[in-house]
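Chemist: structural data only, the sequence is not supplied:
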């Protein structure tokens, strides 16, 4: 039984989104327990007399008196909000009472608190943010997406290890392929950090594919794409911008005049399937990797459908020995370096 | 009268694409002359007895015996192919016989040859590649898109000046807005190079908007978006990948079963308008900025429609004192620094 601790107060919509998402999630996944973290007086009425919350059932409420504001500076949240729903959810992971924590709250505060409470895994220098993106044939895990703006080659190697272990844990394929995001496939391409990372990745024992380019992400060329947080964040935001623009253009063309509007009516079922397939809510939930515990960040603006997806990610990452896999891979590498030295 | 020198031999398709594109282009633009550069025995039959090529008319053929291969190393092209169509076209710019050169050939060789033949403008350290991207409301110029992988703050400032002057030259608006691509709008965000560039841009006298994020490119938040070549190339390729994936999904949904196929027939006019509006060929043609002459790079795979667009870019950049604008802006800045010191 996997247990997920949910910061129910965070995000743009708070408990009105998070609580229904948890209830729906638990109904679909009978092997998961959830702990709702936040103000009891707010959460309990929302749960009501749902059978899931009966004594001994899979849902419980854990009181936390404070809430971190969406614009609060991370340092202030860390210092002054020791009983925030975000922090208490992370504490539950630290204490072994939950396998993963999920929050749609303040990203900076979540990162800082998770790092402070859980600490880094030995051999990992920095946490990384890993998201799932759709591809033509399936999906791709990409990291880092914004936690680290100045990375060394060693950091990129660590991201590669963590990304590969996440995919291995979630998909049960032991040797997922890892690509290094670059501006050409040839080995001579790229800046010094990327060239150094390629060398480290080649010797890492991972299933290293080599350099990949931006378009390989959506082609599904590799299971994992590694990059520094600056590049990853720009690439992710740029694709969001393009997707929005194309959706706007498509809508405009299908509402330009009477004929187009009639066409839209006829095409509605097809357009709906297209929309469903490209629905960004299906890819909500970024895993913070590198800590001694699993924390998943949901988009602040997530609706119940999107937040439920973040819960799925947390349950997957929390239920498959991800931390142990990363630790063992890092230990193997340290041993190899020692043997080689 | 603006004169464009066209490397007719370069690109995946060579003269069968470039020559018809030039003929079509000249018919639409009576104020432009073109010099077709390449093997006379190949080009002359393609032009035939077209009136544009009559003695004294706007089209002439300039013989060049060699062609740079698409996979040829730039250093080898530079050393061994002194009479290549690419190099001769650039020579014509250097000699003042053309206002701009256009090539769909080997990018590395084009960059190296342009830099060797034309030399850098005083005060500019590196050439940058600038492309036009569509936005919700118009278009955006973005640079650098891959020429420079390790940039300093000063380089990014120079890119900002060059991009702003290109937009000013082409659109005749004197103060185009310039955004700095970053991972957040706040001033504290980003790596050290970007933070330094923001300071320089703020003091530059340009219409500096501040930091922009990836999605701002397609929102059209600023006229110019500045970034280093690594980030720019990844962002561009990533959007290409996403656009291809979405096109694939749309096609798949409209061919999934008989109903969807019938719907596609009905929706064809609307889908065609959408396709036209998002046609990447309309954005073909990247300007190499920072040299003592204008060189435009077309995609190697460009068809006649796309190549014609690159000719339009060359004529726009070549006909509006772009080099003089950049030089004067750089000189102003040098003077300001001297006055301040």
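Modeler: Cool, got the structure. Predicted model, so just to flag it, every value in this text is computed and none were measured.
Chemist: secondary structure class of residue A:210, three-state.
Modeler: strand (DSSP: H, G, I helix; E, B strand; the rest coil).
Chemist: do residue A:126 as well
Modeler: Residue A:126 is classified as coil under three-state DSSP.
Chemist: so what pLDDT did it get?
Modeler: pLDDT, residue A:126: 90.
Chemist: how about the one 4 residues further on?
Modeler: Predicted confidence (pLDDT) at residue A:130: the value is 96.
Chemist: nearest residue to it other than its sequence neighbours?
Modeler: residue A:143 (3.8 Å; C-beta to C-beta, 6 or more residues apart in numbering or on different chains). Just so you know, the C-beta spots here come from the backbone N, C-alpha and C atoms, and that holds for glycine as well.
Chemist: mind checking how far the one you found is from residue A:125?
Modeler: 14 Å (C-beta to C-beta, to the nearest Å).
Chemist: neighbours of residue A:243, just the number please.
Modeler: 18 (other C-beta atoms under 10 Å in any protein chain shown).
Chemist: show me what contacts the residue nearest to residue A:181 when sequence neighbours are not counted?
Modeler: Nearest residue to residue A:181, sequence neighbours excluded (C-beta to C-beta, 6+ apart): residue A:227, at 3.8 Å. Applying C-beta atoms under 8 Å, 6 or more residues apart in numbering or on different chains, we find residue A:227 in contact with A:142, A:143, A:144, A:156, A:159, A:180, A:181, A:235, B:234.
Chemist: my guess is the second one contacts residue A:290. True?
Modeler: No: because the distance of 9.7 Å does not satisfy C-beta atoms under 8 Å, residue A:143 is recorded as not touching residue A:290.
Chemist: and the top helix by length along chain A, how far out from the chain's middle?
Modeler: Assignment by DSSP state H gives helix A:229-253 as the longest helix of chain A. Its chain's C-alpha centre and that of helix A:229-253 lie 19 Å apart, by C-alpha atoms, centre = their mean, to the nearest Å.
Chemist: relative orientation of it and helix B:229-253 in degrees?
Modeler: With axes from the mean of the first three to the mean of the last three C-alpha atoms, to 10 degrees defining the directions, helix A:229-253 sits at 40 degrees from helix B:229-253.
Chemist: tell me where chain A has strands.
Modeler: With strands called from DSSP state E, chain A shows them at A:2-7, A:32-38, A:59-63, A:100-103, A:128-134, A:139-143, A:177-181, A:207-212, A:224-226, A:286-289, A:294-297.
Chemist: can I get these in TSV including mean neighbour count?
Modeler: What follows is the strands of chain A, written out as TSV (neighbours: other C-beta atoms under 10 Å in any protein chain shown):
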stretch	mean neighbour count
strand A:2-7	27
strand A:32-38	26
strand A:59-63	18
strand A:100-103	32
strand A:128-134	24
strand A:139-143	24
strand A:177-181	25
strand A:207-212	20
strand A:224-226	31
strand A:286-289	27
strand A:294-297	28
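Chemist: residues in contact with the residue most central in space within chain A?
Modeler: Closest residue to the average C-alpha location of chain A: residue A:286 at 1.1 Å, with C-alpha atoms, centre = their mean. Going by C-beta under 8 Å, 6+ apart, residue A:286 touches A:129, A:130, A:131, A:145, A:296, A:297, A:313.
Chemist: identify, from the contacts of residue A:227, the entry nearest to residue B:191.
Modeler: residue A:144 (12.9 Å; C-beta to C-beta).
Chemist: touching chain B at all, the longest helix of chain A?
Modeler: Yes: shown here: helix A:229-253 in contact with chain B (C-beta under 8 Å from any C-beta of the partner chain) through A:229-231, A:233-246, A:248-250, A:253.
Chemist: which among those end up buried?
Modeler: A:229-231, A:233-243, A:245-246, A:249-250, A:253 (16 or more other C-beta atoms under 10 Å in any protein chain shown).
Chemist: stretch A:12-25 - what's its average pLDDT?
Modeler: pLDDT averaged over stretch A:12-25 gives 96.
Chemist: pull out the buried residues from that stretch.
Modeler: Buried-residue list, stretch A:12-25, by 16+ other C-beta under 10 Å: A:13, A:14, A:15, A:17, A:18, A:19, A:20, A:21, A:22, A:23, A:25.
Chemist: can you lay out the residues you listed as a markdown table showing distance to residue A:258?
Modeler: Below are the buried residues of stretch A:12-25 laid out as a markdown table (distance: C-beta to C-beta, whole Å):
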| residue | distance to residue A:258 |
| --- | --- |
| A:13 | 38 |
| A:14 | 43 |
| A:15 | 45 |
| A:17 | 38 |
| A:18 | 43 |
| A:19 | 44 |
| A:20 | 39 |
| A:21 | 40 |
| A:22 | 45 |
| A:23 | 44 |
| A:25 | 43 |
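Chemist: CSV for those, including distance to chain B?
Modeler: Below are the buried residues of stretch A:12-25 laid out as CSV (distance: C-beta to the nearest C-beta, whole Å):
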residue, distance to chain B
A:13, 21
A:14, 24
A:15, 28
A:17, 23
A:18, 25
A:19, 30
A:20, 29
A:21, 25
A:22, 30
A:23, 31
A:25, 27
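Chemist: among those residues, which two are most distant?
Modeler: A:14 and A:25 (16.9 Å).
Chemist: compute the number of surrounding residues for residue A:137.
Modeler: 12.
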